[in-house]
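Chemist: Provided below are the primary sequence and the corresponding predicted coordinates.
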Amino acid sequence: MKVLTRYFIFIFLINFSSCNQNDNEMEENIFSGFYNIESINAKTLVDLNGDSHKSYDLKNEINNYFNDNEYDLEIRPNYTNETEFKLISLYFPEPNLSFEYPSHPKGFVEYVKNGVGFQYEFTDNKFLIMEPDNEIVVIDKIELIENGKIKSTILKDYYDFEIQNWRKLEIEIIYSKMK
């Protein structure tokens, strides 16, 4: 009888531990994947395109950049790779500023996609970013919010045509998962 009892306890512990492991894998699969920017808003009114109109909404300020067919955030591991390495890759508009055009004496800006990757741990619907500062962007926070969306707050330098100088902006970004 003792052998049978120990056998059932052993089977129960194996099933219980595998359920917990599967729950963690399912939790990661919920947010792993590709996202695009739904909204991107600065905490400060800015003129990033030189049209003399200020806005908090950077989708209105950054011309010819946003494309719903390309992802702006990737969370690994995901279905495109076989590694268990936890990586968040953020892609965002990087300004290329030029003062060489006579038709734009106050400067001309074009935006290109730039990216940076960070290792992470996930707990309590928040991503703990390892080494969140670099010369391109500072990640203040990234968290999972309702409906499978992700909210991020970053600090990034952009050229503000109103003050005709670079300004560090605090920016809130909402990402929606791509289908």
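Modeler: Yes, it's here. Numbers count the residues shown, from 1 in each chain.

Chemist: could you point out which element follows the stretch of helix or strand S89 belongs to?
Modeler: If you go by DSSP states H and E, S89 is part of strand 87-98. Later in the chain than strand 87-98, the nearest helix or strand by DSSP H and E is strand 108-123.

Chemist: buried sites along the next helix or strand after that following strand?
Modeler: Downstream of strand 108-123, the first helix or strand assigned by DSSP H and E is strand 126-129. By neighbour count on 16 or more other Cβ atoms under 10 Å, the buried set for strand 126-129 is F127, I129. The C-beta positions use only the backbone N, C-alpha and C, and glycine is treated the same way.

Chemist: what's stretch 99-107 in contact with?
Modeler: Outside stretch 99-107, the residues within contact range by Cβ atoms under 8 Å, 6 or more residues apart in numbering are G50, L97, S98, F108, Y159, F161, Q164.

Chemist: In this structure the second one contacts F108, no?
Modeler: Yes. In this structure L97 lies within contact range of F108 using Cβ atoms under 8 Å: 7.4 Å.

Chemist: neighbour count winner among those two?
Modeler: Each of L97 and F108 has its neighbours counted (other Cβ atoms under 10 Å); F108 has more, 16 against 13.

Chemist: Return the residues in contact with the more buried one.
Modeler: Counting by Cβ under 8 Å, 6+ apart, F108 has contacts G50, L97, S98, F99, Y101.

Chemist: ok, which stretches of the protein are helices?
Modeler: 2-31, 58-61 (DSSP state H).

Chemist: hey, least reliable of those by pLDDT?
Modeler: Mean pLDDT per stretch puts helix 2-31 lowest among the helices of the chain, at a mean of 47.
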